[in-house]
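J.: Quick one, structure for this:
(chains A and B)
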Amino acid sequence: MKKKALVVDDNASNLMLEKDLLEVGEFEVFQAENAASGITIARREKPDIIIMDVRLPDMRGTEAAMILHQDKETSDIPIVFVTASVMAGGMEEIENIPNSGFIGKPINTRTFAKEISQFIK
Amino acid sequence: MFWKRTPTRSREYSESIINTVREPLITLDQDLRVVSVSRSFYEVFKVKPEETVGQLIYDLGNKQWDIPKLRELLETILPQKTTFDNYEVEHDFATIGRRVMLLNARQIKRILGKERVILLAIEDITARREIENGLEKARKELEVIKQSEDEAREYSESIINTIREPLIALDQDLRVVSVSRSFYEVFKVKPEETVGQLIYDLGNKQWDIPKLRELLETILPQKTTFDNYEVEHDFTTIGRRIMLLNARQIKRALGKERVILLAIEDITARREIEIGLEKAHEELKELAAELKRTALVKSEFLANMSHELRTPLNSINGFSEVLYDETFGPLNEKQKQYVNNVLVSGKHLLLLINQILDMAKVEAGKMKLALSSLPMKSILNDISMLVADMVSKKKIEMLLEIAEDLPDIEADELKVKEIIYNLLSNAVKFTPEGGKIGMQAKKAGSEIEVVVWDTGIGIAPENMGKIFEGFFRVDTPYCQVTEGTGLGLPLSKKLVELHGGKLSVESAGLGKGTSVRFTLPIVSRKAV
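T.: Prediction:
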């Protein structure tokens, strides 16, 4: 059975790139363009992994992550932040989120799906 | 009564005189043996009565009195003259030390007998002589003092005329007695219209200043002195002035009248400078606050810029890479070439963004070093392998001279690799086909020294100052360089310095090659 991945990114182009790369990497991919719908899909689909942007239109990706962590239904899902905020401030915000990982943009398309797989226990 | 005195009484009287006078007195017989001695003699010369009377004078006090000069006086001079006065004799007595004595002698007939008696008065003038010597010394000193007093007066007058500060001396009626040269210069008044004038009348009554009147007429008579009174006055000739007044009421050295010495310091310029300084200080404070705000805005701006540029680059590089890899179907040769151009440009842009951000971080002091022990020999070899491809494509020869004993160093691995890669790739880029590049590395004291050299296009002397400015690039007929960012060298220099090392560039000139030398400490001096 295919692993389920949820990608949350407000940039349609990046969302498409990540979705395509994950599909090539044999994932079943769900997409969301904001945090709220991402949380809804996560609760409904219980994905094996969530790929989350940090700057989202309705809230910080890190805030969405905390909401999912505090929810028993979704607390075990690992979250990988894929973000263009690679400078010091952006990193600190992410380091405080439990059960999470980080990949900086621009991503390496040749290894992306493999990198994501490694975050799944 | 004197005239009724009997011989006995007269003897008693003379003895009482002998014993009363402070001056030691000694009576000798014709053979120079002591007949009698005054009490003061014993006291002054520390001899005892029992070893004195009947003794030869020379034998007194263990022959201390055997004084050649005394012998001469008693044996040669006295028999001829029967008297001598004020013979000064200096003698070193064993018991009482060096003494200066004044000797007076009379050879007289004894009142009650017929033998001759010698009366010898010995005045110890040691102390007096000392006092005289002291007085002489004091007199000489006084002379010196008097001389220096004259000099002092001359000196003080020359001070008055030399000091920059205008000085004015007034008599009791506040008339000008004398004025320093600087007073004339500063206040533009002439000597002929100054001396003898009432101070208030100076310069067409310009000096009739209410505050000055108060100081001279009210405060000074009470206190005889005042210090640093600030007076502002608008002079018709020289304009508005701020003055600092100091005054002393003193007795004149040569007379009894009182003299008022008034020092006037023109602090107009100083006050202006102070006001200017205060203003400048305020402005600086504002500027510092502004700079702090700007620095904050700048670092926020850089973080935003980094994010905003990376987001589209993620698509540009990502999709072109997927296309190039033909993940979703084959491309023809032209399409593949084009998409590769997009990818290379996108990667160049990413490098540029990263380097600009790194420069900004270093400049803001926000670049952190992740220190670890680096095996330099293998790192230098590894990086040289990274450029080996470019080297062989351009038919360049690469020479590595890495010392066998090159030690490991404590540094930030990614940054050290970046420095070496930047310098080596520059050497390749700026060296035409068939040239040579090389790298030398050795231990130099507590550092390692690495030199990356090439036989390439070099740097013209006039451009030496610009190479660290950023975005400086040389285009030459045989080497049109487009692949560099122009930030590699300045960033490398900053990263070397961040580690506590130094980076310098040498070139004999355009077309004569370049050599970049840098050092890195073996043990980092930076706190982690």
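
J.: contacts, neighbours, all on C-alpha from now
T.: OK.

J.: Roughly how far does whichever residue of chain A sits closest to chain B sit from A:Phe112?
T.: Nearest residue of chain A to chain B (CA to the nearest CA) works out as A:Pro106 at 4.0 Å. Going from A:Pro106 to A:Phe112 by CA to CA, to the nearest Å gives 11 Å.

J.: Which one of these two is surrounded by more residues?
T.: Counted by other CA atoms under 10 Å in any protein chain shown, A:Pro106 and A:Phe112 do not tie: A:Pro106 has more neighbours, with 22 against 15.

J.: For the stretch 251-400 of chain B, which residues are neighbours of chain A?
T.: B:303-304, B:306-308, B:310-311, B:313-315, B:317-319, B:321-322 (CA under 8 Å from any CA of the partner chain).

J.: residues in chain A within reach of chain B, list them.
T.: A:13-14, A:17, A:84-87, A:105-110.

J.: Among these, find the lowest-pLDDT one for me.
T.: Lowest pLDDT within the residues of chain A next to chain B is found at A:Met87 (70).

J.: Around that one, count how many other residues there are.
T.: 17.

J.: Let me know whether it touches B:Phe301 as I believe.
T.: No: using CA atoms under 8 Å, A:Met87 is not in contact with B:Phe301; the gap is 11.6 Å.

J.: pull the longest helix from chain A.
T.: helix A:12-24 (DSSP state H).

J.: which residues make contact with it from outside it?
T.: Outside helix A:12-24, the residues that touch it by CA atoms under 8 Å, 6 or more residues apart in numbering or on different chains are A:5, A:7-9, A:28-31, A:33, A:109, A:112-113, B:311, B:314-315, B:318-319.

J.: how far is it from where the chain is centred?
T.: Averaged C-alpha coordinates place helix A:12-24 at 12 Å from its chain's average position (CA atoms, centre = their mean, to the nearest Å).

J.: again with stretch A:87-107
T.: 11 Å.

J.: Okay, and the beta partners of the spatially most central residue of chain A?
T.: In chain A, the centroid-proximal residue (CA atoms, centre = their mean) is A:Ile51; its distance is 1.4 Å. In this entry, A:Ile51 is beta-bridged to A:Val7, A:Val80, by DSSP bridges.

J.: Could you check the pLDDT of it?
T.: 96.

J.: Hmm, it is touching A:Val29, no?
T.: No: the criterion here is CA under 8 Å, and A:Ile51 misses it with A:Val29 at 10.2 Å.

J.: Please identify every residue contacting each of these two.
T.: Common neighbours of A:Ile51 and A:Val29, counting by CA under 8 Å, 6+ apart, are A:5-7.

J.: So which of those is the closest to B:Lys395?
T.: A:Val7 (47.7 Å; CA to CA).

J.: What count of nearby residues applies to that closest one?
T.: When neighbours are counted by other CA under 10 Å, A:Val7 registers 29.

J.: try the one 5 residues further on
T.: The number of residues packed near A:Ala12 is 13, by other CA under 10 Å.

J.: Quick check, pLDDT for it.
T.: 93.

J.: So, low pLDDT: which residues of the chain?
T.: Reading this off chain A. A:88-90 (pLDDT under 70).

J.: The chain in question should be chain B.
T.: Low-confidence segments of chain B (pLDDT under 70): B:1-22, B:109-114, B:148-164, B:251-257, B:473-484, B:526-528.

J.: Could you tell me the angle between the direction of the lengthiest helix in it and that of helix A:12-24?
T.: Using DSSP H to define each element, chain B has its longest helix at helix B:268-324. Interaxial angle, helix B:268-324 versus helix A:12-24 (axes from the mean of the first three to the mean of the last three CA atoms, to 10 degrees): 40 degrees.

J.: just checking, what packs against whichever strand or helix holds B:Glu230?
T.: Element membership of B:Glu230 [criterion: DSSP states H and E] is strand B:225-235. For strand B:225-235, the elements it packs on are strand B:239-251, judged by 3 or more CA pairs under 8 Å, 6 or more residues apart in numbering or on different chains; DSSP states H and E.

J.: Lovely, talk soon.
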